[in-house]
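Colleague: Just a sequence and a predicted model for now, questions to come.
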Amino acid sequence: ISGALTSDAPISGTPTSETPTLGAPDSGSAVDATALSSLPLCARPAAWRRYISFLTEKLPAPALRLDATSRAVKCCAGEAWLWVERLRALEEAGASPADVQAAFEAGLGCIG
């Protein structure tokens, strides 16, 4: 605990040379690899893909997929694959056509 209190990490939001940032406008890459590796697990689309695939293969309960896809599209709204899985989960769970349409339109708004 004492090490955490005496840390040299900046207290304010001031970036340092160790602070992961998105690629600078003049850099060759669109996203810095350090920034991607510092994302929390819930913000990584690949983790959601693996989790939803696991649920589909090993625990094919519509309620579980519905819950997982809901959380996935909240955390990674720009991922088209997750929205497709969300729509499939809604249809498999017997959601109304209006609910599926609303999710479809929400996905278009996030991906577009």
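Modeller: The structure has been received and is ready for your questions. Owing to the predicted nature of the structure, the values given are computational and were not obtained by experimental measurement.

Colleague: Show me what counts as buried in stretch 87-95.
Modeller: Across stretch 87-95, burial judged by 16 or more other CB atoms under 10 Å covers 87, 88, 89, 90, 93, 95. C-beta coordinates here come from the backbone N, C-alpha and C atoms, glycine included.

Colleague: just stretch 61-72 next, same as before
Modeller: 62, 65, 66, 68, 69, 72.

Colleague: want to throw those residues into CSV with pLDDT and secondary structure?
Modeller: Listed next are those as CSV, based on pLDDT from 0 to 100; DSSP: H, G, I helix; E, B strand; the rest coil:
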residue, pLDDT, secondary structure
62, 92, helix
65, 94, helix
66, 95, helix
68, 95, helix
69, 96, helix
72, 95, helix
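
Colleague: residue ranges with poor pLDDT in the chain?
Modeller: Low-confidence regions of the chain, defined by pLDDT under 70, span residues 1-37, 112.

Colleague: residue boundaries of the helices in it?
Modeller: Using DSSP state H, the helices of the chain run over residues 2-5, 33-37, 45-58, 62-75, 80-92, 97-111.
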